[in-house]
Structure formats: structure tokens, C-alpha cells
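Enquirer: here is my input, please return the structure:
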Amino acid sequence: MQDKATTERHIEAAWRVADEFPEDIHEYGIHFGPDNTAVHVIPTSKWPSPKW
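Expert: Residues are numbered from 1 along each chain as shown. This is a model prediction of the structure:
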């Protein structure tokens, strides 16, 4: 996501959903919850994309 506002909107929405779960859940091959959200937020937050 190149647009900072879009990135922030997605991150905020992810945290709102994650807050509904007391812990991470693994169902049907899908992993979601607060810990998993943090894992995805960290690399998308403030660091620039690598120039491969």
C-alpha cells in the first residue's frame, strides 16, 4: 500500500477486529487475532519498502 492514509485506515480496521478476540485463533488454516495483527502491522508501519 503506497498511500499512507490507506495504510493507516487498514491498520486501524485490523486492530478494531483483533480487539474482539482475547487471544489469537487458528481456524480453517487462518490465523487471526492481536498477535498476528501486530506481526503484520510492524513491517507496514514506518519503514520504507526495500529497494530490491
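
Enquirer: what's next to the lengthiest helix in the chain, contact-wise?
Expert: Using DSSP state H to define each element, the chain has its longest helix at helix 4-18. Helix 4-18 is contacted from outside by M1, F32, G33, P34, N36, T37, H40, V41, T44, S45, using CB atoms under 8 Å, 6 or more residues apart in numbering. Glycine gets a C-beta too; all of them are placed from N, C-alpha and C.

Enquirer: ok, 7 Å please
Expert: Residues from elsewhere that reach helix 4-18 (CB atoms under 7 Å, 6 or more residues apart in numbering): M1, G33, P34, T37, V41, T44.

Enquirer: likewise for stretch 22-29?
Expert: Outside stretch 22-29, the residues within contact range by CB under 7 Å, 6+ apart are H31, F32, G33, P34, D35, N36.

Enquirer: quick revisit: may I see the buried residues of the longest helix of the chain?
Expert: Using 16 or more other CB atoms under 10 Å as the test for burial, helix 4-18 gives I11, A14, A18.

Enquirer: do stretch 36-44 as well
Expert: For stretch 36-44, by 16+ other CB under 10 Å, it's N36, T37, V41.

Enquirer: let me know the average pLDDT across that stretch.
Expert: Rounded to a whole number, the mean pLDDT of stretch 36-44 is 81.

Enquirer: mind putting the buried residues of helix 4-18 into JSON lines with distance to I25 and pLDDT?
Expert: Output for those, formatted as JSON lines (distance: CB to CB, whole Å; pLDDT from 0 to 100):
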{"residue": "I11", "distance to I25": "20", "pLDDT": "85"}
{"residue": "A14", "distance to I25": "14", "pLDDT": "85"}
{"residue": "A18", "distance to I25": "10", "pLDDT": "86"}
